[in-house]
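>>> build me a model:
(chains A and B, ligands or ions: 1)
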Amino acid sequence: MRLFGEGFGVRHCSTETVSSFLDGAMRDSEMRKVESHLASCYDCAQQVDDMRAVVGALRTLPTVPTPRSFAVPVPARAFVAAPARPWWRPAPAEGFRAMAAAAAIALAVVFAGDISGAIGTPEAPIQLGIETPGDFINHGTPPGPEQSPIVGPDPAPEPNNQPADTVPDDTATTPAPQSTLAQQSGVRLELWALELALLALTAALAGISILVRRRSLSA
Amino acid sequence: MDEQTLLLASKQGDAGAFNRLVEHYQTSIYNAALRMVGDPAIAEDITQDTFVSAFRALHTFSAGNFRAWLFRIATNACRDHLRSAQVRRNTSLDALVESPAFGLTSEQETPEEFAVRRELSSFIQQALMTLPTDQRMVLILVDIQAFSYEEAARVLKKPVGTVKSRLSRAREAMRAALSTQRELLPAQIRSG
Ligand SMILES: [Zn+2]
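A predicted model of the protein is given here:
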């Protein structure tokens, strides 16, 4: 660093020398040289005084209180966008949850068929007080897979409000195809075993979906 | 907890630990940004952006001076803002006359003393805004935030020599600007 700038005959302190001198940011030998010059040069001494006043004014500027806290939101993962997942490849927890729901629906369907006597033997022990055969056969018909209970009634204004729009009319008076097949083949459906298996499957799938979801949250 | 412990926890995603660091640094970051851009609302945005970016990028901070690293993010944000606002700024220098005297409160002062200090603070802010961005940054870091030359050099990623020369030019420009307002400088500062 050049301590003194060019002048006519006398070499005065450069701006950088004055600035560093104020901070004591130079070697001791350089400090002494500047000091001895300042002792004999009014202009440079004045420059040092002026710059010291400026630095002093800057250092005494008031600290402004912050208008608010700048804390980041506490659940840090709010910043990490969840990776987009195609609909055909749902999260594992969702997949298991869907399977559990399907098993529960199947269980409900089989159970409904069981208690109404539509599936299995005609002489089913539980009749639940239903007397008109046409009625209970109609309601006992196992709905197709697209007629799951959560779908609800068809919103189309049908004057004859029967869920018969997907089922041919003759099924209302004849037994369901599966039951006829079961009866014709002579295979006796062990419904209680099927229901128990579906119940166990539903519980297992629901349990797995909860476990998977918990693990994915804590990961 | 010390800074190293808080940093370690923050790096593992502990926002609570990181917010302890935010608490510690937010006033100095906000004040530096305020002096840098001269607008409280923009300084607020820059401060928030600084901490959010810092938390996201914490894995890139290996070790060393966290304060310098944080101020580097803040000064970059200020530079980005000033660059985008340059056209507007050049055409609205008159608005700087209305520059506010940030953070002044009149405790234990006569109304006259308060008025003078308020005018000085406002004038300093106006003078700061006329400095080139790089000089203003060095001046704010060293003379307002009390950074050493070495720490300022780390923030700006420039050699210490560059910091020294920029600082001296900034101080000289401030001296020239304030020399017309010597009566505003407090007596104890004026006499040195
Ligand atoms: Zn001289």
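>>> which helix runs longest in the chain?
You didn't pick a chain, so chain A it is. Scanning chain A for the helix with the most residues, using DSSP state H, yields helix A:191-218.
>>> that's the wrong chain, I wanted chain B
helix B:15-37.
>>> contact partners of the following helix or strand past it?
Counting by DSSP states H and E, the next helix or strand C-terminal to helix B:15-37 is helix B:40-56. Helix B:40-56 has contacts (C-beta atoms under 8 Å, 6 or more residues apart in numbering or on different chains) with A:64, A:66-68, A:70-72, A:76, A:79, B:10, B:15, B:18, B:22, B:26, B:29-30, B:33-34, B:36-37, B:61, B:69-70, B:73-74, B:77-78, B:81, B:100, B:102. All C-beta spots, glycine's among them, are computed from the backbone N, C-alpha and C.
>>> among those residues, which ones are buried?
Buried residues within these, counting neighbours by 16 or more other C-beta atoms under 10 Å in any protein chain shown: A:64, A:66, A:70-72, A:76, B:10, B:15, B:18, B:22, B:26, B:29-30, B:33-34, B:36-37, B:61, B:69-70, B:73-74, B:77-78, B:81, B:102.
>>> contacts only, for residue A:205.
Counted by C-beta under 8 Å, 6+ apart, residue A:205 has contacts A:96, A:97, A:99, A:100, A:103.
>>> could you look up the SS state of the nearest residue to it once chain neighbours are set aside?
Excluding the flanking residues, the one nearest residue A:205 by C-beta to C-beta, 6 or more residues apart in numbering or on different chains is residue A:100, at 3.5 Å. Residue A:100 falls in the helix class when you classify it by DSSP: H, G, I helix; E, B strand; the rest coil.
>>> out of the contacts of residue A:205, who's nearest residue A:57?
residue A:97 (67.2 Å; C-beta to C-beta).
>>> and for that closest one, the neighbour number?
Residue A:97: 19 surrounding residues under other C-beta atoms under 10 Å in any protein chain shown.
>>> around residue B:161, how many other residues sit close by?
The local packing of residue B:161 (other C-beta under 10 Å) involves 12 other residues.
>>> tell me the domain ranges of chain A?
A:4-58, A:90-154+A:170-218 (automatic domain parsing).
>>> and what of chain B?
According to automatic domain parsing, the ranges for chain B are B:1-91, B:93-187.
>>> least reliable of those going by mean pLDDT?
Ranked by mean pLDDT, the domains of chain B end with domain B:93-187 at the bottom, a mean of 85.
>>> return the distance of that one from the chain's centre.
10 Å (C-alpha atoms, centre = their mean, to the nearest Å).
>>> now residue A:198: closest residue in space, sequence neighbours ignored.
Excluding its sequence neighbours, the residue lying closest to residue A:198 (C-beta to C-beta, 6+ apart) is residue A:107, at 3.8 Å.
>>> could you check the angle the helix or strand containing the one you found makes with helix A:191-218?
Assigned by DSSP H and E, residue A:107 falls within helix A:92-116. Per axes from the mean of the first three to the mean of the last three C-alpha atoms, to 10 degrees, the angle that helix A:92-116 makes with helix A:191-218 is 160 degrees.
>>> ok, now which ones touch residue A:199?
residue A:107.
>>> roughly how far apart are it and chain B?
Using C-beta to the nearest C-beta, to the nearest Å, we find residue A:199 at a distance of 41 Å from chain B.
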